[in-house]
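K.L.:
Quick one, fold the following:
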Amino acid sequence: MTRTPAKLDELDLAILTAMHDYQKAGILELSRRTRVARATVQSRIARMEEAGVIASYDPQVDVTAAGFDVQAFVSLEIAQGALDAVTIDLEAIPGVLEAYATTGSSDVLCRIGADSHSGLQTVLLSIDRSPAVVRSHSVIVLSTVVARRTLPLLRTLTPAGTSKAPAYRSPAR
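P.N.:
So this is what the prediction gives:
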């Protein structure tokens, strides 16, 4: 099912920014930080949850800090029509942190983590045991150049219009 992209306005972006900057803040604190009514913040958050813009409230776990300081990206070439099968196989491997179907010379791109080079080899061998995997190619991560982020991209959106919240005024630019 494809969702229609949400139309975010300046207030939505301000709420998302406040949620990012003050991750433990509740609705009341977010309303203070954005200078709008609590009910407005609550309804905007509910609308963004419904639209899938806010996808989760899971804590962002740093796997390196948790002891899994060896990470790699693995590109997979899979058998024709085997995306469902490889998905099941990859989900069964704890070291596979995420995986995406891609275009180009490979079919799937995975990010994997392990506690050592030996652990990395174990994960790679587990991936290669999948009957759906024809070939794999891996590269080890040396350091993070740009950490996962979303706000810079969201800020490039042309806001859907000005907020209807009477108290909200976008910060001076």
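
K.L.:
make it CA atoms for all contacts and neighbour counts henceforth
P.N.:
Will do.

K.L.:
right, and residue 96 touches residue 108 too?
P.N.:
No: at 12.0 Å, residue 96 does not count as touching residue 108 under the criterion of CA atoms under 8 Å.

K.L.:
residues in contact with the nearest residue to residue 133 once chain neighbours are set aside?
P.N.:
Sequence neighbours aside, residue 78 is the residue nearest to residue 133 in space, at 4.5 Å (criterion: CA to CA, 6 or more residues apart in numbering). Shown in contact with residue 78 (CA atoms under 8 Å, 6 or more residues apart in numbering): 86, 106, 107, 108, 132, 133, 134, 135.

K.L.:
change it to 7 Å
P.N.:
Counting by CA atoms under 7 Å, 6 or more residues apart in numbering, residue 78 touches 107, 132, 133, 134, 135.

K.L.:
Give me the subset of those residues that lies in strands.
P.N.:
Counted as lying in strands by DSSP state E, out of the contacts of residue 78, are 133, 134, 135.

K.L.:
Contacts only, for the nearest residue to residue 74 once chain neighbours are set aside.
P.N.:
Nearest residue to residue 74 in three dimensions, chain neighbours excluded: residue 138, at 4.2 Å (CA to CA, 6+ apart). Each residue near residue 138 by CA under 7 Å, 6+ apart is listed here: 72, 73, 74, 75.

K.L.:
counting contacts, what elements does the longest helix anywhere in the chain pack onto?
P.N.:
Secondary structure of the chain per DSSP state H: the longest helix is helix 38-51. Packing partners of helix 38-51 (3 or more CA pairs under 7 Å, 6 or more residues apart in numbering; DSSP states H and E): helix 27-34.

K.L.:
between the helix it packs on and helix 38-51, how many degrees?
P.N.:
Interaxial angle of helix 27-34 relative to helix 38-51 (axes from the mean of the first three to the mean of the last three CA atoms, to 10 degrees): 100 degrees.

K.L.:
how far is helix 27-34 from where the chain is centred?
P.N.:
Distance of helix 27-34 from its chain centroid, counting by CA atoms, centre = their mean, to the nearest Å, is 24 Å.

K.L.:
do stretch 91-105 as well
P.N.:
Averaging C-alpha positions (CA atoms, centre = their mean) puts stretch 91-105 14 Å from its chain's average.

K.L.:
What lies in contact with it?
P.N.:
With CA under 7 Å, 6+ apart as the test, stretch 91-105 has contacts from 90, 107, 108, 109, 110, 111, 112, 113, 114, 123.

K.L.:
Report the buried residues of that stretch.
P.N.:
Within stretch 91-105, the residues that count as buried by 16 or more other CA atoms under 10 Å are 95, 96, 97, 99.

K.L.:
again, but for stretch 30-41
P.N.:
Counting neighbours by 16+ other CA under 10 Å, one finds that the buried residues in stretch 30-41 are 30, 31, 34, 35, 36, 37, 38, 41.
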